[in-house]
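Enquirer: structure for this input, please:
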Amino acid sequence: SEGPRPIVVPNFVGMPLDQAQSAAAHLGIVLDANQQVVIPGEAPNTIASQDLQPGGQVARGAVVHVAVNAIVPGIAQQQQQGETVVPDVVGKTYADAISALRASGFSISVQFSVQPVANGTVIGEQPQGGVQAASNSQVGITLSVPGEVPDTDGLTIAQASSALQSAGYSVSSMRYTTQQGAGGRVIGTEPLAGTTLSPGSGVVLVVNGTQP
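Expert: Numbering: from 1, shown residues only. As a prediction, the model looks like this:
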């Protein structure tokens, strides 16, 4: 087996965020759009930059980090908008919380808390949901994580990437082998599942197949 075909990284810069997310999902890669930047003259809610060069090849499930042009209202708009109600995202999954806050125009900072329960969900929010906050200000969320590497054996690369993200980890790289597994699925991680690891760390995915 030749393994899964590599994916050519598109040029996301200038694309509206929702269009870029749809394109990434269609290709089978993960778009991390948590970073926001303010660039005068740039259209808001569009991609300002990306960390992987367009035209490069990556494996399915790879993460492309992009910066999004923040929504910065002018003075007249600011007077009209003033403040926005912070959506209550406590109890929501990481992905749903990020989506809800971004839709309301807030930027997001994330902290992790190792907990025995509610892993992968938001357990804290500052300012809290329901209060008024300055439009386009930052909301901090606290994500409950297990403090150990989750079991991704048998998952697709995209599923494994999502599981790691919900546990507070990122995919640092991928290692391929034809000695184990089948169908281009994940056969494990480095460190191994169950290993205690500080949230925010990178994890290597071990995948069935050959290096793209």
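Enquirer: and the next helix or strand past the helix or strand of the chain with the lowest mean pLDDT?
Expert: Counting by mean pLDDT, DSSP states H and E, the weakest-scoring helix or strand in the chain turns out to be helix 75-81, with a mean of 40. Following helix 75-81 in sequence order, the next helix or strand is strand 83-85 (DSSP states H and E).
Enquirer: could you list every helix and strand that that following strand packs against?
Expert: strand 132-134 (3 or more Cβ pairs under 8 Å, 6 or more residues apart in numbering; DSSP states H and E). Quick note: C-beta positions are derived from backbone N, CA and C, even for glycine.
Enquirer: quick one: buried residues of the strand it packs on?
Expert: residue 133 (16 or more other Cβ atoms under 10 Å).
Enquirer: alpha carbons of the next helix-or-strand element following it, in PDB - could you do that?
Expert: Next along the chain after strand 132-134, taking DSSP H and E as the criterion, comes strand 138-145. Coordinates of the C-alpha atoms in strand 138-145 are reproduced here as PDB (Å, rounded to 0.1, in the frame of the first residue of the first chain):
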ATOM      1  CA  GLN A 138     -10.800  39.200  24.900                       C
ATOM      2  CA  VAL A 139     -12.600  36.400  26.700                       C
ATOM      3  CA  GLY A 140     -10.600  33.900  28.700                       C
ATOM      4  CA  ILE A 141     -11.800  30.300  28.900                       C
ATOM      5  CA  THR A 142     -10.600  27.400  31.000                       C
ATOM      6  CA  LEU A 143     -10.700  23.900  29.400                       C
ATOM      7  CA  SER A 144     -10.900  20.800  31.500                       C
ATOM      8  CA  VAL A 145      -8.300  18.300  30.400                       C
END
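Enquirer: shaky segments in the chain?
Expert: 1-3, 39-41, 71-82 (pLDDT under 70).
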